[in-house]
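J.: Pasting a predicted model and its sequence here:
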Amino acid sequence: GAGVSQSPSNKVTEKGKDVELRCDPISGHTALYWYRQRLGQGLEFLIYFQGNSAPDKSGLPSDRFSAERTGESVSTLTIQRTQQEDSAVYLCASSLFDDQPQHFGDGTRLSIL
Amino acid sequence: GENVEQHPSTLSVQEGDSAVIKCTYSDSASNYFPWYKQELGKRPQLIIDIRSNVGEKKDQRIAVTLNKTAKHFSLHITETQPEDSAVYFCAASLEYGNKLVFGAGTILRVKS
């Protein structure tokens, strides 16, 4: 019923640690997207899942970043060996493929100390 | 790949006046152009969108115009109110179900 849900809402971790961010899309939405928003900037595309197709990973900034999605449900974004430049808000969006626009979650604010 | 530029970066208007935000895009294959409003600390909210087979779309005080030849599109807000104050982002993509390329955002301040 509700919108896109993301957890945690805030995450503070030390440099070098791994973090895992979670996104629950709107039920029935086949497409899921991850974006990154640095402070005071626009959104940068990271990765896109559409049904059972191979994901579009063209926006991932380095091999420390990876994401998975099980079927048309929850997705996790993993950042390994975090760096200070990874500090940002990570936003997830979902859409009903080729039928509806993208709707965003509240994001996870990630702070790397 | 696609590149979207957005102007101005900040815009201050008096309550009741109109506000216009402009974006240009580089990829002529793009055919879907949404606008999002983001209040401080909140999620981006879709306020209006337009597809390339339409030149203009209006929803109450908000309108979007698209010029495919010139590869630019604009957001028009009439009779601005203090609650319109937020950051506005334009974006472009090939289809609804495709990645969005965003502009850098415009901070709109409506002074009462």
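T.: Received the coordinates, thanks.
J.: Tell me what the residue most central in space within chain A is bridged to.
T.: Centroid-nearest residue in chain A, with C-alpha atoms, centre = their mean: residue A:34, separated by 3.4 Å. Beta-bridge partners for residue A:34, by DSSP bridges, are residue A:47, residue A:92.
J.: just checking, it touches residue A:67?
T.: Yes - using C-beta atoms under 8 Å, residue A:34 is in contact with residue A:67, at 6.0 Å. Yep, even glycine has a C-beta here, placed from its N, CA and C like the rest.
J.: Are there residues contacting both of these two? Which ones?
T.: A:46-47, A:75, A:77 (C-beta atoms under 8 Å, 6 or more residues apart in numbering or on different chains).
J.: Give me the buried entries from those residues.
T.: Using 16 or more other C-beta atoms under 10 Å in any protein chain shown as the burial test, these include A:46-47, A:75, A:77 as buried.
J.: Most widely separated two among the residues you listed?
T.: A:46 and A:75 (11.0 Å; C-beta to C-beta).
J.: and for these two, which residues touch both?
T.: A:34, A:67.
J.: Quick check, pLDDT for the residue nearest to the centre of chain A.
T.: The model reports residue A:34 with a pLDDT of 97.
J.: Phi and psi next, for residue A:103.
T.: phi -120, psi 130 (degrees, to the nearest 10).
J.: mind listing the helices for the chain?
T.: As the question left the chain open, I've gone with chain A. Assignment of helices within chain A using DSSP state H yields no ranges at all.
J.: Write out the residues of it neighbouring chain B.
T.: A:30-31, A:33, A:35, A:41-45, A:48, A:50, A:56, A:58-59, A:91, A:95, A:97-107 (C-beta under 8 Å from any C-beta of the partner chain).
J.: Can I have the buried ones of these as a ChimeraX selection?
T.: To isolate the buried members of those in ChimeraX, using 16+ other C-beta under 10 Å:
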select /A:30,31,33,35,42,43,44,45,48,50,56,59,91,95,97,100,101,102,103,104,105,106,107
